[in-house]
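# Next input, structure requested:
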Amino acid sequence: MSGTGEEKPKSDSFALVAALFAINVFWGASFVANTIALKSIGPIEIASLRFFIAAPLLFAITYVWRGRDIFRFDVKDLGIFIVMALTGVTIQYVLQVSAQDYTTATNASLLINTSVFFIMFLGAIFLHEKLTWLKIVGAIVGFAGVAVLLGNFTFNLNGQAIGDILIIGSALLWAVYSIYGKKIASKYHPLTVLNYVFIIGTICMIPFYLLTPHSPVASIPATAWASILFLSLFCSIIAYVIYNIALEKMDASRVAVYIYFVPLSTIVLASVVIHESITTTTLGGGLMVLLGMYLAEMKR
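Numbers count the residues shown, from 1 in each chain. Next up is the predicted model:
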């Protein structure tokens, strides 16, 4: 009995690490999926359809799997769910997909890594997670990499810079989502939190969808639907469930480090699938961002 009890945490830990690796590869692929879908439909359309599918499907799976009791929650926590819905679903994905109308999938996936530094500082302020000098040096190096990626910044609203700035805004929102998710993780099952975040976030997405041009559903091509289904099933339902479970069991800053794999998978897939080239500036700035993340998360 004692031997079994000692082995189980190691097994669970390995499974969680493997799952975190997988979902960040999915999220890396999501930038390529967005790029493919953007050839046929608009960014608000992509973000909306993604959650119009994911939210009811997650609700149905949860209800069948865990029953109605999983949906019980304290009304005083509704405000937290609303903040998480806006920062983790509605505004976050409107910004992220809209950004890819201007910038490349590779740039977007590199800049989304700034969420690691935002989570690190917000975690120190609101969750009292330890902020070491290595983390501070890592943040400085990482943001220097961001400056390199934004090296051609201009105030031309049609330029790549606006897309890069929107992605950084999306990263900041993801950090806020992660901090609120960590604060509430010990109180509710991850599926409880996720269902309300998806439901509220999807409801808030409806005005964006209705007030912007969108195609008849029947006219959307198969390639765009394939991208949307991948985003809904793998990048939303599966990835969010695993991410919220990880927040329950690990420090928010530790969970964030797995975002290393987002740009790596994006770079490979963007090169193979959509033939996106990598510039010297992108490579240099991206390596600085990744180095900053490594310094921020390494042991002293």
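# gap between Ser98 and Ile245?
Per CB to CB, to the nearest Å, Ser98 is found 29 Å from Ile245. Any C-beta I mention is one placed from the backbone N, CA and C, and that applies to glycine too.
# if you count what's nearby, which of those two comes out ahead?
Comparing Ser98 with Ile245 by other CB atoms under 10 Å, the one with more neighbours is Ser98, at 22 against 19.
# Leaving out chain neighbours, which residue sits closest to that one?
Pro43 (4.3 Å; CB to CB, 6 or more residues apart in numbering).
# Share the number of residues neighbouring that neighbour, please.
Neighbours around Pro43, by other CB under 10 Å: 22.
# Number the chain from 625, please
Happy to do that; since the first residue is 625 now, the last one works out to Pro667.
# right, and Ile764 touches Gly916 too?
Yes: the criterion here is CB atoms under 8 Å, and Ile764 meets it with Gly916 at 7.3 Å.
# Those two: who's more crowded?
For Ile764 versus Gly916, neighbours defined as other CB under 10 Å are more numerous around Gly916 (25 against 14).
# element containing that one, please.
helix 904-921 (DSSP states H and E).
# Only the buried residues of that helix, if you could.
Residues of helix 904-921 classed as buried: Thr906, Gly909, Gly910, Met912, Val913, Leu914, Gly916, Met917, Leu919, Ala920, Glu921 (neighbour count, 16 or more other CB atoms under 10 Å).
# How many residues are close by Phe676?
Neighbour count for Phe676, taken as other CB under 10 Å: 17.
# Same list, the buried residues of helix 904-921, but as TSV with pLDDT and distance to Ala729 please.
As requested, these are arranged in TSV below (pLDDT from 0 to 100; distance: CB to CB, whole Å):
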residue	pLDDT	distance to Ala729
Thr906	76	11
Gly909	80	15
Gly910	78	12
Met912	83	19
Val913	78	15
Leu914	78	17
Gly916	80	21
Met917	72	19
Leu919	79	26
Ala920	71	24
Glu921	67	24
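# can you name the two of the residues you listed that are farthest apart?
Taking CB to CB as the measure, these span a maximum distance of 22.4 Å, between Thr906 and Glu921.
# what about the helices in the stretch 825-924 of the chain?
For the stretch 825-924 of the chain, helices defined by DSSP state H, counting those that start in this stretch occupy the ranges 846-856, 863-873, 876-880, 885-897, 904-921.
# what separates the helix or strand hosting Val800 from the chain centre, distance-wise?
Per DSSP H and E: Val800 is located in helix 784-809. The chain centroid and the centroid of helix 784-809 are separated by 8 Å under CA atoms, centre = their mean, to the nearest Å.
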